[in-house]
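Asker: okay, here's the prediction I keep looking at, along with the sequence it came from:
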Amino acid sequence: MASPPPLKSPTTRPADLTPRDWLEAGQSLLRRGGLRALKLRPLADELRVSTGSFYHHFSDFDTYQGALAVYFAQQQIGDMVDSIRRAEAEPVPRIRLLAQTVRRRGMSRLSIAMRAWAESDPRARSAVERHDEIVLGFLAACLEQAGFSHQDAMVRGYALMSLGLSKIHAPDLDMEALMESLIAILCHPA
């Protein structure tokens, strides 16, 4: 009687990783531990692969970090905003959907980590600037569509972004209800 095939270890990762998998894993590390957590060994551990497999996608870690910054600033945020535009036609519900998506994906923590990284790396600084340009443009366009002047839309969009990036500990407040109240205050003309 033939022996059954060996069982695969539940921690084995398929060899068909893409560069995007590595970028997503890097963002996960940034969310949890900031730039100091972004190292090759923890990155490979995150994906349950050897460090050698990293080099199938990136020539070195510096190149990877540059790609990670670009991914944050262009593809990821651009895709998210485009998806929200397709999913929702009305401006205030679009803003609400953005807030929900950011909260669900942990994007505020990632953005805070990227801003800390931007203090020491011009690639990250450029990425944060581009990210903010995209998000603020999206928010301002929604707010203008809701009836605000361009200037008021920019100021309110900036306020919404700033609130989304705050790290205030408020255990007595339900963050979802708080965001909903802030959207009501900032997104509806008086």
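Answerer: Structure's in. What do you need? Predicted model only: the values in this text are computed from it and were never measured. Numbers count the residues shown, from 1 in each chain.

Asker: what sits closest to the residue most central in space within the chain if chain neighbours are left out?
Answerer: Nearest to the geometric centre of the chain sits Met107, at 3.7 Å (CA atoms, centre = their mean). Excluding its sequence neighbours, the residue lying closest to Met107 (CB to CB, 6 or more residues apart in numbering) is Thr101, at 7.5 Å. In this view, the C-beta of every residue, glycine as well, is placed from N, C-alpha and C.

Asker: kindly report the same for Leu186.
Answerer: In this structure, Leu186 finds its nearest non-sequential neighbour in Arg156, 4.8 Å apart by CB to CB, 6+ apart.

Asker: before we move on, which element is the one you found in?
Answerer: Using DSSP states H and E, Arg156 sits in helix 150-165.

Asker: and Leu97, by the same measure?
Answerer: Going by DSSP H and E, Leu97 is in helix 91-105.

Asker: ok, now Ser28?
Answerer: Short version, using DSSP H and E: Ser28 is in helix 19-33.

Asker: quick check: buried residues in that helix?
Answerer: Neighbour-count burial for helix 19-33, counted by 16 or more other CB atoms under 10 Å, picks out Asp21, Trp22, Leu23, Ala25, Gly26, Gln27, Ser28, Leu29, Leu30, Arg31.

Asker: next: stretch 33-48.
Answerer: In stretch 33-48, counting by 16+ other CB under 10 Å, buried: Leu35, Ala37, Leu38, Leu43, Ala44, Glu46, Leu47.
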